[in-house]
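Q: when you get a sec, could you give me coordinates for this:
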Amino acid sequence: MMEWNDYHTRVTIIGLYKVGKNASQIYAILKPLKISERFVYRTLERYRDTGDVVDRDRSGRPRSVRTKKAVEAIRSRINRNECEVG
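A: Predicted structure coming up:
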C-alpha cells in the first residue's frame, strides 16, 4: 500500500480545482484527511504562480554531509591532533 503524503494531497487539490471546485469546496471535500484550509489555499496559490505542485527550493544553509567516510576522516584528524598536542 502506498503512503499518502503532501504531494498526493496537493495533486488531489489541483485535480479538484481543474474540475471547477473552488478552495472552500475543496477544503470541505478533503476535511476528513485532516488538512488545514490554509494548506488548500497555499497549494492553489503555488499552482497559479508556478504551474506545479512540487516543493520550492529552500533557502538557508544546506545540511552537512554526514557519510561514514566523512565521519571517519574527521575522527582521524582529531586523533592526529591529539597525538601532536599530548
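
Q: list the buried ones in the lowest-mean-pLDDT helix or strand in the chain?
A: Taking mean pLDDT, DSSP states H and E as the measure, the chain has helix 68-85 as its least confident helix or strand, at a mean of 81. By neighbour count on 16 or more other CB atoms under 10 Å, the buried set for helix 68-85 is empty. No exception for glycine: its C-beta is placed from N, CA and C like everyone else's.

Q: please apply the same query to stretch 47-56.
A: Y47, V53.

Q: just the CA atoms of that stretch, as CSV, please.
A: In CSV, the C-alpha atoms belonging to stretch 47-56 read as follows (Å, rounded to 0.1, in the frame of the first residue of the first chain):
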residue,chain,number,x,y,z
TYR,A,47,-0.1,26.2,-8.6
ARG,A,48,-1.2,29.5,-10.0
ASP,A,49,2.2,31.0,-9.5
THR,A,50,4.4,28.1,-10.8
GLY,A,51,2.1,25.8,-12.6
ASP,A,52,3.3,22.9,-10.5
VAL,A,53,2.8,21.4,-7.0
VAL,A,54,6.4,20.3,-6.1
ASP,A,55,8.1,21.9,-3.1
ARG,A,56,10.0,25.1,-3.8
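
Q: per-residue confidence averaged over it?
A: For stretch 47-56, mean pLDDT rounds to 84.

Q: which other residues reach it?
A: The contact list for stretch 47-56, computed with CB atoms under 8 Å, 6 or more residues apart in numbering, reads Y7, R10, V11, I13, I14, Y17, T43, R46.

Q: try 7 Å this time
A: Y7, R10, V11, I14, T43, R46 (CB atoms under 7 Å, 6 or more residues apart in numbering).
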